[in-house]
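need coordinates for the following:
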Amino acid sequence: MKKLDCDLCEQFCEHPQIVCLAKAELVSDDMAYKTAEFFKILADPTRIKILQTLSTRELCVCDIAAVLDMGQSAISHQLRILRGARLVKYRKEGKMAWYSLDDAHVTNLLMQGLNHVGHI
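Below you'll find the predicted structure:
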């Protein structure tokens, strides 16, 4: 007996109206590329921990390094990447660099990801 592949339709039958609507709603290649690059930045456990740490309060680089038990240089490197993606922002106060999440979208994105993984 032949095993059926459950990921395929058992009968080929396109639905032209649905296909037309879906094509009209499809993001552009450029937007798909930029979004994939954005998610690549989030595909790092250290960056997720940094974002989660900053989701409740502003912290300086020294504090983030202490929370994650990492060196300031390693944290600074990750923060530079997150800043480049506009996920975090910073302000200087004297010799201190204070970091926070860039906006509520970052918090929502992070929490939805954590909730989804926790739900699985």
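
when you work out contacts or count neighbours from here on, use the C-alpha atoms and nothing else.
Will do.

enumerate the positions of the strand or helix carrying residue 38 that are buried.
Using DSSP states H and E, the element containing residue 38 is helix 29-42. Residues 41-42 are the ones in helix 29-42 that count as buried (16 or more other C-alpha atoms under 10 Å).

so the next helix-or-strand element following it versus helix 29-42, what angle?
For helix 29-42, the following helix or strand on the C-terminal side (DSSP H and E) is helix 45-54. Helix 45-54 runs at 80 degrees relative to helix 29-42, counting by axes from the mean of the first three to the mean of the last three C-alpha atoms, to 10 degrees.

thinking again about what came up before, pull the helix holding residue 38 out as PDB, backbone CA atoms only.
Extracted C-alpha coordinates of helix 29-42, given in PDB (Å, rounded to 0.1, in the frame of the first residue of the first chain):
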ATOM      1  CA  ASP A  29      10.500  40.500  -2.900                       C
ATOM      2  CA  ASP A  30      12.300  43.500  -1.300                       C
ATOM      3  CA  MET A  31       9.900  43.600   1.700                       C
ATOM      4  CA  ALA A  32      10.300  39.800   2.100                       C
ATOM      5  CA  TYR A  33      14.100  40.100   2.000                       C
ATOM      6  CA  LYS A  34      14.100  42.900   4.500                       C
ATOM      7  CA  THR A  35      11.800  41.100   6.900                       C
ATOM      8  CA  ALA A  36      13.900  37.900   6.700                       C
ATOM      9  CA  GLU A  37      17.000  39.900   7.500                       C
ATOM     10  CA  PHE A  38      15.100  41.500  10.400                       C
ATOM     11  CA  PHE A  39      14.200  38.000  11.800                       C
ATOM     12  CA  LYS A  40      17.800  36.900  11.300                       C
ATOM     13  CA  ILE A  41      18.800  39.500  13.800                       C
ATOM     14  CA  LEU A  42      16.300  38.100  16.300                       C
END
